Structure formats: structure tokens, C-alpha cells
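A.B. asks: sequence first, then the predicted structure, then my questions.
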Amino acid sequence: MERGPVVVRADDPRRAELEARGWHVTARSWGAQLDRRVSDSASLRDLVARVVDVAAVRELGEGDAPAVLALDAATRDDYPGGVATAHRLLTRDRATPGPSRRAFGALASGELVAMTFVDVDGSRAETDFTAVATPWRGRGLGTAVKAASVLMLVAEGVTRFRTGGSVDNGSSVAMNRRVGYVLDEEWITMAPPTGTETPSAPGAPWSRSGCRCSPWPRLRSRPRSRARSPHSRGRPSPRPRPGGSAGSSPRVGRRNRRRGADPRGPQEGW
């Protein structure tokens, strides 16, 4: 007998079974997709150009890791939505961009004030998270770094992008729609009746956060090489998994559903 919570798709048949046993929804998250064939390069370039008087947008490299860690620590509590969209504080390794882990940032007077990390696997890319420093929100910086990431990766052959985040983060939803993402998944986090111990949903694997979650497709990164590509680089996944956003780890939808994968998706903070 294990305690919840569990994370399942909103249309999962197990939802009715859990609700009949007294479980209740504590959070909702979403997944979204962007396909290269419908991406609008002119609109994406415009989203980046709009912030030119505020910050410089560029791809981040290995030397930016200290700034990435500092911004990550400053925004660590800005990811709404509970276990499905919770953000893991970065380690030095995860804060260091590489060929399969790309990052784009916005710098104001040399200070990193917004960033997005994207895991790339061949022709597929998935937002890990997006974050914007509190004083710099509402200026389009989260949108700009995500737009820059799509522009760069489309040029390199990526054809499908996934992201996601918490339903509670309206800024993240709006940001991703501006970039061109289409919401196509809804996930719910469910908890058992207070003071009870109830079995988790049938067949749900453990996530790293310790909760039981339904399978959530997460890209498997290739071994990271320290060699960096010459260009610059900026999800919601939800594992319900997804700006005026601080982080987007996001963490919401994954189209590639692999059994036993990390149930969380990209995270997008406020």
C-alpha cells in the first residue's frame, strides 16, 4: 500500500476508479507540440527582435554555467503545479549546455535574466525548463528565448518540439501559444483521502520525485560531449510534464511514449 499522489492523463480510465475510492484532483498540467512544417520563422524572429532594447538573446555555452546556476537558484520556488511540474535544482552538469542539451538565454547588461533548456534527440526536442528572473518578467523575455531555440533547432533539422507546464501558470500557456505550440494533452495529479493510505493507480511506475505516475515519454539524451556547436541557443514538460515565466521545466507532454520513462515533463515557472 503506497500513498499518492499519482499523475495520470485526464482521460485515463483509472481516474474514475481512483475517484470512486475517494481520491481527488490537486493539480492540472498540460502538454503541447510544435511541428516544423507549421512553424512561422518570420513570427519567431519578430518575437526575438521585440526584446532587442531590453536584452541580448543568444545561445548559452559551457562558460555560462555559473550564471545558469545562479538564475536557477533564484527561481527555484517559481514552478506551480505540485509534483507533476516540480523543478529539480540544477547540478553543474545539468547546467552546462552540450550538443544534446541546448540552452538559450537573454542577457541584460551582461546579466543572465532569462533562459530555456531543451533536450534534443535527433529530430525531436523537448523543453526541460524555462526561467525568467522576477524583476524581468512581463517583458517577453521567456517568449524570446523559446522562439530563439525553435529557430535555431529547426535550422539544424529538428522537426518536432514538445513542452508543457502547470495549468496554474497562465503566463506560460500564453507564451507557448505565441511561439506556436498547440496544447494537446491534459494531465491531473490526484491524492488519496486525507489520513489514509491507498494503493497507487494500477501499473503506474515511480517517478524520481517519489510519486506514482503514469508513463511519461521523456527523451533520452545521448552521451554529452563537451564540444559545443558554433551557434547560440533558449517545457511545458509536463510530465504534466509544462513566460512571465520563471521556469518552464515544464515538464508536460511527451509524444514519444516510452514505458518506464520519467513521468514529469518540462517545467515552466512564473
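C.D. replies: Received the coordinates, thanks.
A.B. asks: contacts, neighbours, all on C-alpha from now
C.D. replies: OK.
A.B. asks: count the residues that sit near the residue nearest to Gly22 when sequence neighbours are not counted.
C.D. replies: Spatial nearest neighbour of Gly22, chain neighbours left out: Pro193 (5.6 Å); criterion: C-alpha to C-alpha, 6 or more residues apart in numbering. For Pro193, the neighbour count with other C-alpha atoms under 10 Å is 15.
A.B. asks: what about Pro193, helix or strand, and which?
C.D. replies: Using DSSP states H and E, Pro193 is not contained in any helix or strand.
A.B. asks: these two touch, right, Asp119 and Ser149?
C.D. replies: No: using C-alpha atoms under 8 Å, Asp119 is not in contact with Ser149; the gap is 10.9 Å.
A.B. asks: so what's Glu186 closest to, chain neighbours aside?
C.D. replies: Trp30 is the one closest to Glu186 (C-alpha to C-alpha, 6+ apart), at 4.4 Å.
A.B. asks: got phi/psi on that neighbour?
C.D. replies: In terms of degrees, to the nearest 10, the main-chain angles of Trp30 are phi -140, psi 160.
A.B. asks: Ala174 too?
C.D. replies: Taking degrees, to the nearest 10 as the convention, Ala174 sits at phi -60, psi -40.
A.B. asks: coming back round to it: enumerate every residue touching the residue nearest to Gly22.
C.D. replies: Counting by C-alpha atoms under 8 Å, 6 or more residues apart in numbering, Pro193 touches Gly22, Trp23, His24.
A.B. asks: neighbours around the second one, how many?
C.D. replies: The local packing of Trp23 (other C-alpha under 10 Å) involves 21 other residues.
A.B. asks: contacts only, for it.
C.D. replies: Counted by C-alpha under 8 Å, 6+ apart, Trp23 has contacts Met190, Ala191, Pro192, Pro193.
A.B. asks: can you pick the most crowded of those residues?
C.D. replies: Met190 leads the contacts of Trp23 on contacts (other C-alpha under 10 Å) with 25 neighbours.
A.B. asks: quick check: which ranges of this structure have low pLDDT?
C.D. replies: Along the chain, the parts satisfying pLDDT under 70 run over 1-3, 195-270.
A.B. asks: can you do 50?
C.D. replies: Residues of the chain meeting the criterion pLDDT under 50: 1-2, 197-245, 247-266, 270.
A.B. asks: which parts of it are helices?
C.D. replies: 14-20, 41-49, 65-74, 141-155, 170-179 (DSSP state H).
A.B. asks: could you dump the ones you listed to CSV with mean neighbour count and distance to Gly105?
C.D. replies: Output for these, formatted as CSV (neighbours: other C-alpha atoms under 10 Å; distance: least, C-alpha to C-alpha, whole Å):
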stretch, mean neighbour count, distance to Gly105
helix 14-20, 15, 39
helix 41-49, 17, 11
helix 65-74, 18, 9
helix 141-155, 27, 6
helix 170-179, 21, 16
